[in-house]
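Asker: Sequence first, predicted model second:
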Amino acid sequence: MKIRMKTTVPALLLTLILVAASTITPILGGPNDGTVTGATTVSSTGVITTTVTPGICGPIDLTIALDDTGSMGGAISNIKAELPTIISTATTASGGDLMVGYMTFKDDVTVHNNLTTNISAVMDSINATFAGGGAGAPEASDEAKNTSVNNLPDGTRPDAAGNIGTQTGNYTTPYRASATKMVVLITDAPPGGFNDIQDAADNISLNTTHPLAALAKGIKVSDVFVPTSGDYAGQAALLAEDANVTGGAFITTAANGSGTGAAITSIIAACGGVTPPKVEGRMTGGGSVFNASMRVTHGFMLSSNISDESNNLQVNWDKGNKFHLENLTSATLSDDPAIVPNPPAAGFDTYVGNGTGRYNGVSGATIEFTFTDAGEPGSNDTAKIIIKDASDNIVLSVSGNLENGNQQAHNE
């Protein structure tokens, strides 16, 4: 059985859609191929039809992060009008197993609903949202993304440029391991951290740092761009890159906000976006990283193919502690644009992995790690390693630049 939902779009909106499609990313399109596969069509009369197969996405954990500054009134009104369809689509696609969280942002972040099964409460919060404020053009979209991806608590914290700001409300309910995890961010502005200024660090956190963290956690990040004043600060490209890293969708609406609700619906119907092309390769090397006065050494040869029998990783620290990888359970290879050389010769410079193994000879231990290759001679390469014993106690947590080592990315 399939459920079909229709939203009528004014003829003017369809014209704007076609203009946007030729310049940035087609409306209701994914960043890799310009479509949300099999989910959404736009007819010549301006009717958007979304087809949803019940349960197609499995359980869904959905975060909505909405810019609620004064210029976003049209988009917010459109979301409210389309809210029953958005929720119906999510409920159907999840087979009724749905959690939703909701936050808004200006130059700070306000969490209205932690991830919850109380969908009515989330709908009430969205319907109670009104546009207003916003001291300047850049907004804290990068910090809303930080909150969404990293499940951050209420309080003050520095943004990527070191400016102190506030998140009101906890967003600490974790995404479920079994769920299709989605973040949908809606804005018309460039990222500004907590200080209302578009710093280079804010750009990197929006389109690189937080998307890479999302990718490692299996979260698809999608961005809906509402060009109320046009693309005046290059925000469209930043948002598109953000979505592209995780396989989410990048969608441009009409300047008056029409089509915003339909955009959110289409993202959900496509289970969060599209699958990013898999990067294949291998990384080899090792070296030393220091945690306080303790030296941690590691050596490895790791493929993008988790079934490759040649995969190995050894970590040694603190007078005899050892970890030996037995099974590589996940591997994600990606290019971090902030790492030089850019682009990397191997097509990737970052390897994020998880696995199980032996800690001091006892099986059942786990490891999470991120290794980077920042070119020769290796002193700018980094390693981040977290090891837990069979009882899930952290026995090692270390990160930093390599000393006396080198990590190298290779094409397969």
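Answerer: Arrived safely.
Asker: only C-alpha atoms for contact and neighbour calcs from this point on.
Answerer: OK.
Asker: In the stretch 151-300 of the chain, mark out all the strands, start to finish.
Answerer: For the stretch 151-300 of the chain, applying DSSP state E, counting those that start in this stretch gives strands covering 155-158, 164-168, 180-187, 219-225, 250-252, 282-291, 294-303.
Asker: got the contact list for the third one?
Answerer: Around strand 180-187, the neighbours that count as contacts under CA atoms under 8 Å, 6 or more residues apart in numbering are 57-67, 72, 141, 145, 148-149, 175, 218-226, 264, 271-272.
Asker: Low-confidence stretches in this structure?
Answerer: The chain contains residues with pLDDT under 70 at 1-51, 135-136, 202-203, 205-207, 274-278, 337.
Asker: Could you list the domains of it?
Answerer: The chain breaks down into these domains under automatic domain parsing: 3-269, 282-410.
Asker: which one of those is the most hemmed in?
Answerer: Mean neighbour count (mean count of other CA atoms under 10 Å) peaks for domain 3-269 among the domains of the chain, with a mean of 21.
Asker: ok so, going back, in helices only, show me the contacts of strand 180-187.
Answerer: Among those, the residues falling in helices (DSSP state H) are 141, 145, 148, 149, 264.
Asker: In this model residue 194 seems to touch the first one, though I could be wrong.
Answerer: No. Applying CA atoms under 8 Å, one finds residue 141 not in contact with residue 194, separated by 9.4 Å.
Asker: Name the helix or strand for residue 125, please.
Answerer: helix 119-127 (DSSP states H and E).
Asker: Who are the packing partners of that helix?
Answerer: Here helix 119-127 touches helix 73-93, strand 98-105, strand 109-116, going by 3 or more CA pairs under 8 Å, 6 or more residues apart in numbering; DSSP states H and E.
Asker: Could you export those as TSV, including distance to residue 237?
Answerer: Shown next, in TSV, are the helices and strands packed on helix 119-127 (distance: least, CA to CA, whole Å):
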stretch	distance to residue 237
helix 73-93	20
strand 98-105	20
strand 109-116	23
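Asker: And the ones you listed: which comes nearest residue 388?
Answerer: Counting by CA to CA, residue 388 lies closest to strand 109-116 out of the helices and strands packed on helix 119-127; the figure is 26.8 Å.
Asker: Put the alpha carbons of the closest one into CSV.
Answerer: The C-alpha trace of strand 109-116 is given here as CSV (Å, rounded to 0.1, in the frame of the first residue of the first chain):
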residue,chain,number,x,y,z
VAL,A,109,19.8,28.1,20.2
THR,A,110,16.5,27.3,22.0
VAL,A,111,15.5,23.6,22.4
HIS,A,112,11.7,23.3,22.6
ASN,A,113,11.4,19.5,22.5
ASN,A,114,14.1,16.9,23.1
LEU,A,115,13.7,13.8,20.9
THR,A,116,10.4,12.4,22.0
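Asker: So what touches that strand?
Answerer: 61-63, 99-104, 121-122, 125, 140, 143-144, 166-175.
Asker: mind listing what that strand pairs with, with the direction of each?
Answerer: Partners of strand 109-116 in the sheet, by DSSP bridges, are strand 98-105 (antiparallel), strand 164-168 (parallel).
Asker: Nearest to residue 411, out of those?
Answerer: Of all the strands paired with strand 109-116, strand 98-105 comes closest under CA to CA, at 39.5 Å.
Asker: the inter-axis angle of that closest one versus helix 119-127?
Answerer: Interaxial angle of strand 98-105 relative to helix 119-127 (axes from the mean of the first three to the mean of the last three CA atoms, to 10 degrees): 20 degrees.
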